[in-house]
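Enquirer: What follows is a predicted protein model with its sequence.
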Amino acid sequence: AQSVTQLGSHVSVSEGALVLLRCNYSSSVPPYLFWYVQYPNQGLQLLLKYTTGATLVKGINGFEAEFKKSETSFHLTKPSAHMSDAAEYFCAVSKSGGGADGLTFGKGTHLIIQP
Amino acid sequence: DAGVTQSPTHLIKTRGQQVTLRCSPISGHKSVSWYQQVLGQGPQFIFQYYEKEERGRGNFPDRFSARQFPNYSSELNVNALLLGDSALYLCASSLAPTRSNEKLFFGSGTQLSVL
């Protein structure tokens, strides 16, 4: 079984400040890890993913995340927050190799950007 | 190219009724997955279909069913609606089920309200 824990249901940062959204996972097999963003009244958009290889993954809109197996973490960061980053962010895990079990999502973190 | 399209965008039903939600995948995508997103929670996997066959199922009761058509579009049916079925229902498409979770494209969802 797999699970995802996102620490902090709400995170508030000032525009231009560092964004750090925390995600810890549990998986009995090597995981695939994902971050998705959801804007109001929209579906989910993939920000970045880790499957194999380099543990530091770069995504769209300046976001990146680092897979740390020893800490079972996959935290999302962005050096400088922009007002347009305000949204709901979801961390997700799936079995490596895909398969038909779908993604397991965390409960989400609402990112608030203060002007 | 059109993305994943879902219809209707909003729906209001009463307890005990039945509902059908529709999804058209991105052209060329043969796999469709359904997710339920309750307010304040992350999406939860319901089904995955590929080539008109169910390839995966999440922990949902038999009141939930789905099918996929020869043109790869899909319908999600929910019978005997309960208040707890109120949620945003997301459809996602991908090229194939194998490693499909690596790249899911989500629609904007159908918001179902059960009164």
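Expert: Noted; the coordinates are in hand. Everything quoted here is computed from the prediction, not taken from an experiment.
Enquirer: beta partners for residue 57?
Expert: Just so you know, I chose chain A. residue A:65 (DSSP bridges).
Enquirer: right idea, wrong chain: chain B
Expert: With DSSP bridges as the rule, residue B:57 is bridged to residue B:47.
Enquirer: okay but it is in contact with residue B:34, surely?
Expert: No - contact criterion CB atoms under 8 Å: residue B:57 and residue B:34 do not qualify, at 9.9 Å. Backbone N, C-alpha and C define where each C-beta goes, glycine included.
Enquirer: Common neighbours of the two, please.
Expert: B:46, B:47, B:48 (CB atoms under 8 Å, 6 or more residues apart in numbering or on different chains).
Enquirer: which of those residues tops the neighbour count?
Expert: Within these, neighbour counts (other CB atoms under 10 Å in any protein chain shown) peak at residue B:48, which reaches 29 neighbours.
Enquirer: Number of residues surrounding the nearest residue to that one once chain neighbours are set aside?
Expert: Leaving aside its chain neighbours, residue B:48 sits nearest to residue B:56 (4.0 Å; criterion: CB to CB, 6 or more residues apart in numbering or on different chains). Neighbourhood size, residue B:56 [other CB under 10 Å]: 18.
Enquirer: Am I right that residue A:113 is in contact with residue A:78?
Expert: No - taking contacts as CB under 8 Å, residue A:113 lies outside contact range of residue A:78: 10.7 Å.
Enquirer: anything in contact with each of those two?
Expert: Counting by CB under 8 Å, 6+ apart, the contacts common to residue A:113 and residue A:78 are residue A:85.
Enquirer: before we move on, back to that, JSON lines please, covering the shared contacts of residue B:57 and residue B:34 and showing pLDDT.
Expert: Putting the shared contacts of residue B:57 and residue B:34 into JSON lines (pLDDT from 0 to 100) gives the following:
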{"residue": "B:46", "pLDDT": "95"}
{"residue": "B:47", "pLDDT": "90"}
{"residue": "B:48", "pLDDT": "91"}
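Enquirer: Including distance to residue B:86, could these go into a markdown table?
Expert: Formatted as a markdown table, those follow (distance: CB to CB, whole Å):
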| residue | distance to residue B:86 |
| --- | --- |
| B:46 | 15 |
| B:47 | 19 |
| B:48 | 23 |
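Enquirer: from the residues you listed, which is closest to chain A?
Expert: residue B:48 (4.8 Å; CB to the nearest CB).
Enquirer: Extract the residue ranges of chain B that are flagged as low pLDDT.
Expert: B:1, B:97-102 (pLDDT under 70).
Enquirer: Strands of that one, residue ranges please.
Expert: Along chain B, the stretches classed as strands by DSSP state E are B:5-7, B:10-13, B:19-24, B:31-37, B:44-50, B:53-57, B:64-68, B:74-78, B:87-94, B:105-106, B:110-114.
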